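>>> just need the structure, nothing else, for what follows:
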Amino acid sequence: MRNVALSAEVPLLYENVFGVSPEVSVVAEPYLYKVVVESEPLGVPFRVDGIEFVTPTEFQATKESYTLYFPPTFEDIPFKHWEDGSTEPVRTITVDKDLTLVATYKRPWYKEPWVIGLGIVGGACILTIVLSKAFPPKAKS
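Numbering: from 1, shown residues only. As a prediction, this is how the structure comes out:
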């Protein structure tokens, strides 16, 4: 059965305890699949068929397929992969069950900050140095 947003009214006949058979209508609505879209890191803006969202978000699928457009970079961090291993930031999904999609952005290992730590046994002095020239902190607006 395809996932569609329709409802159907079906007449139902039964006999009550008084022997009367009133006609009753039952409305049956099909299940709408849930699509959850997440990312690492959170807060990535993206589009679904041209409508803008920000991760994390979820919606009820009212049609069979959607195209998700994620940016190739987010805050200077390149798109890495989807939860299924796909490496393209734009993808078309077929919704035939509940879905959770995760877009992962990751810096190359050589652009990650390096942390150097030094502890002194029996002393109270601990030295930590963070080297991060590749991605200095961004100012929050």
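
>>> so the closest residue to residue 55 other than its chain neighbours bridges to which residues?
Counting by Cβ to Cβ, 6 or more residues apart in numbering, residue 55 lies nearest to residue 39, which is 4.0 Å off, once chain neighbours are set aside. To be clear about C-beta, it is placed using only N, CA and C from the backbone, and glycine gets the same treatment. Residue 39 forms beta bridges with residue 103, as assigned by DSSP bridges.

>>> so what's residue 39 up against?
Taking Cβ atoms under 8 Å, 6 or more residues apart in numbering, we find residue 39 in contact with 46, 55-56, 70, 74, 102-105.

>>> quick check: it vs residue 96, distance?
Taking Cβ to Cβ, to the nearest Å as the measure, residue 39 falls 23 Å from residue 96.

>>> same thing with residue 106?
Counting by Cβ to Cβ, the separation of residue 106 from residue 96 is 30 Å.

>>> and what of residue 41?
Distance, residue 41 to residue 96, by Cβ to Cβ: 29 Å.

>>> repeat for residue 105
28 Å.

>>> ok, the two, which is more surrounded?
With neighbours defined as other Cβ atoms under 10 Å, residue 105 and residue 96 compare such that residue 105 has more, 21 against 13.

>>> quick one: contacts for that one?
39-41, 44, 73-74, 77-80.

>>> if you set the cut-off to 10 Å instead, what comes out?
39-41, 44, 70-81, 89 (Cβ atoms under 10 Å, 6 or more residues apart in numbering).

>>> once you drop chain neighbours, what's closest to it?
Leaving aside its sequence neighbours, residue 105 sits nearest to residue 77 (Cβ to Cβ, 6+ apart; 4.4 Å).

>>> count the neighbours of that neighbour for me.
17.

>>> can we start the residue count at 24 from this point?
In the new numbering, first residue 24, that becomes residue 100.
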